[in-house]
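Colleague: pasting the sequence and the predicted model now:
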Amino acid sequence: MGFFEQPIDCRSRSAMIDFLAKHSRYDTGNSLNRKTSYANCVKIHHLGLTHDQEQTAYALLSSDDNIWDQLDQHIDDFTRRHHGAYTIGANGRSNGYLVLYSSNYRETGYKSRCWTCGQLNYRRVAKMPTDPVESVIAQILLASGLGWPDDVYIQQFAIRDLPGTDESKLGIIRRFKQILQDCTAHNRCGRCGAEGESGRINIDHPHRTLQTSISSLDAEHDFQDWSLSDLRARVDLVRDFDGTCDRIRQDFIGMAASCRVVEQTIMVPKTVRRTVCAQHPA
Ligand SMILES: [Zn+2]
């Protein structure tokens, strides 16, 4: 049993409905939207910490390091377990609540990313063919923007001088017009200008982002029509949410136990507060 996660008898229909209907909830957007979902309060005074842990926890929150970056891994894992259909977000004043959100992955269409600055680009970097005839044709296609009619390419001196029949060259031209669609010959980044080894590299899998919806989740409590298997699936989801909140709380306590916040003057000049973490024993 965790701090948030509770055992539920999933053979009992009424126990499951009771759990879902009584689970704490919070707004998914601002309170004016009147949309709510399953939530857990993660305000520091609500986390069951000792007095000393609480003091360090407040100092942690006021440090300039974004401690959420270190806790986000649990949320990423949760989102992946649910194939992007659900995710967890912080909401409320000073993000005092973790809320269960509906979500979905959306493909962005980006094909490459700058190695130096991370800028995304809709065009792929062309992989040039090794065959010398294909390579010449591919370079001319890219340099011309692939837009000329096939017979105009055939008439180019550089292509006319290549070995092979017009028929075979036409075949290559048509094939590479397809292959090189959405491609650039260079890998220069449009934003920072990096190229070569530090320029754009192709993204292998379709690039996607997670879209989060603020629509309510089970706000009507009308579970009576739900089948047992639907109820179990929902209980599993909400328990996984609670368990993930437990892991985030546990890591936060771990940080509060092993970290101290020190003042450090850096050459901005501005005083920043940094989090210094002790090594955890392996
Ligand atoms: Zn760049």
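Modeller: Great, that's in hand.
Colleague: okay, CA-based contacts and neighbour counts for the rest of this
Modeller: Will do.
Colleague: so which strand or helix has G89?
Modeller: With elements delineated by DSSP states H and E, G89 resides in strand 86-91, which encompasses its position.
Colleague: would you mark the buried spots in that strand?
Modeller: Within strand 86-91, the residues that qualify as buried are 86-88, 90-91, counting by 16 or more other C-alpha atoms under 10 Å.
Colleague: need the next SSE after that strand, C-terminal direction.
Modeller: The helix or strand immediately downstream of strand 86-91 is strand 97-107, counting by DSSP H and E.
Colleague: pairing partners for that next one, with directions?
Modeller: As defined by DSSP bridges, the strand partners of strand 97-107 come to strand 36-41 (antiparallel), strand 86-91 (antiparallel), strand 208-213 (antiparallel).
Colleague: now the ones you listed as TSV including mean pLDDT?
Modeller: Converted to TSV, the strands paired with strand 97-107 look like this (pLDDT from 0 to 100):
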stretch	mean pLDDT
strand 36-41	95
strand 86-91	93
strand 208-213	91
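Colleague: of those strands, which is nearest K127?
Modeller: Shortest distance between K127 and the strands paired with strand 97-107, using C-alpha to C-alpha, is found for strand 208-213: 22.8 Å.
Colleague: the closest one: how far from the chain's middle?
Modeller: 8 Å (C-alpha atoms, centre = their mean, to the nearest Å).
Colleague: let me see the contact set for H46.
Modeller: Counting by C-alpha atoms under 8 Å, 6 or more residues apart in numbering, H46 touches no other residue.
Colleague: and stretch 79-86, end to end?
Modeller: From the first residue to the last, stretch 79-86 extends over 6 Å; the measure is C-alpha to C-alpha, to the nearest Å.
Colleague: please apply the same query to stretch 80-93.
Modeller: Between the opening and closing residues of stretch 80-93 we find a distance of 27 Å, counting by C-alpha to C-alpha.
Colleague: what does it contact?
Modeller: Contacts made with stretch 80-93 from outside it, assessed by C-alpha under 8 Å, 6+ apart, are listed as 27-30, 75-76, 78-79, 96-105, 210, 212, 241.
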